[in-house]
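Colleague: Structural data only, the sequence is not supplied:
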Ligand SMILES: Cc1cc2nc3c(=O)[nH]c(=O)nc-3n(C[C@H](O)[C@H](O)[C@H](O)COP(=O)(O)OP(=O)(O)OC[C@H]3O[C@@H](n4cnc5c(N)ncnc54)[C@H](O)[C@@H]3O)c2cc1C
């Protein structure tokens, strides 16, 4: 992929009131980085710095459900990566949106909940990555999820921090 044409990353940091010495520095306040920093900082004796290249997540399009199309069109919120010209697409370059904001791509995504197919995980494990089979990762999916729509399912969690549900208003 080609770069988004940006200069050096503008650092938005919120330093701890204890100074600038940290036990952990998490670079990238995206989906994974925010969860990691949040979990690490549950231990009150641990100091965590979370560093993000993009701005804070204040833009209204981030907070309007399904405003993904509008959010990715904001240059400040998107790294604006492009593929190299694709020979099988008549030489066109294709945009690859990636969040450049606190929350990362999770701040500009479609809010659709889905998991990888079980065979994807099993293939990763078979390729020499112990612990990545579907059976082994499923407990972590269950732990992260609070699913309102499948209260009895053993494949869905019910006490995690991430709420999941079918859309309320269905248009026939
Ligand atoms: C338009 C769009 C729609 C999507 N829709 C869905 C959906 O409906 N459902 C779904 O499950 N998934 C969806 N996804 C995918 C999902 O959002 C991503 O898989 C997920 O957010 C990736 O998380 P991550 O932590 O790996 O990376 P990101 O969330 O992208 O986080 C990376 C962070 O690191 C920062 N960063 C990078 N380099 C530096 C640096 N040098 N210094 C400081 N900070 C840096 C970035 O700015 C960014 O904030 C969508 C993604 C996009 C872009």
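Modeller: That came through fine. All values reported here derive from a predicted model rather than from experimental measurement.
Colleague: From here on, just use CA atoms for contacts and neighbour counts.
Modeller: OK.
Colleague: got the contact list for the lowest-mean-pLDDT helix or strand in the chain?
Modeller: Here the helix or strand of the chain ranked lowest by mean pLDDT, DSSP states H and E is helix 68-72, holding a mean of 91. With C-alpha atoms under 8 Å, 6 or more residues apart in numbering as the test, helix 68-72 has contacts from 61, 62, 77, 78, 97, 99, 108, 109, 110.
Colleague: Check the separation of the first and last residues in stretch 85-99.
Modeller: 22 Å (C-alpha to C-alpha, to the nearest Å).
Colleague: what does it rub up against?
Modeller: So stretch 85-99 is contacted by 30, 72, 77-84, 104-108 (C-alpha under 8 Å, 6+ apart).
Colleague: same thing with stretch 125-142?
Modeller: Here stretch 125-142 makes contact (C-alpha under 8 Å, 6+ apart) with 118, 119, 121, 122, 123, 124, 155, 156, 157, 158, 160.
Colleague: go again using 6 Å as the cut-off
Modeller: Residues outside stretch 125-142 that contact it (C-alpha atoms under 6 Å, 6 or more residues apart in numbering): 118, 121, 122, 156, 157.
Colleague: Pull up the residues of this protein that are close to the ligand.
Modeller: For the chain, the residues in contact with the ligand (C-alpha under 6 Å from any ligand atom) are 27-33, 51-54, 97-106, 108-114.
Colleague: from those, which would you call buried?
Modeller: 28-30, 33, 51-54, 97-106, 108-109 (16 or more other C-alpha atoms under 10 Å).
Colleague: Mind checking which of those land in strands?
Modeller: Among those, the residues falling in strands (DSSP state E) are residue 51.
Colleague: Mark which of the buried ones among the residues of the chain next to the ligand are part of helices, please.
Modeller: Secondary structure from DSSP state H places residue 33 of those in helices.
Colleague: For residue 103, give me phi and psi.
Modeller: phi 100, psi -20 (degrees, to the nearest 10).
Colleague: gap between it and residue 23?
Modeller: As judged by C-alpha to C-alpha, residue 103 and residue 23 stand 22 Å apart.
Colleague: what's the answer for residue 53, then?
Modeller: Distance from residue 53 to residue 23, by C-alpha to C-alpha: 20 Å.
Colleague: and what of residue 167?
Modeller: Counting by C-alpha to C-alpha, the gap from residue 167 to residue 23 is 41 Å.
Colleague: quick one, what contacts the spatially most central residue of the chain?
Modeller: With distances taken as C-alpha atoms, centre = their mean, the residue of the chain nearest its centroid is residue 31 (2.8 Å). The contact partners of residue 31, taken as C-alpha under 6 Å, 6+ apart, are 103, 104, 106.
Colleague: I am finished for the moment; much appreciated.
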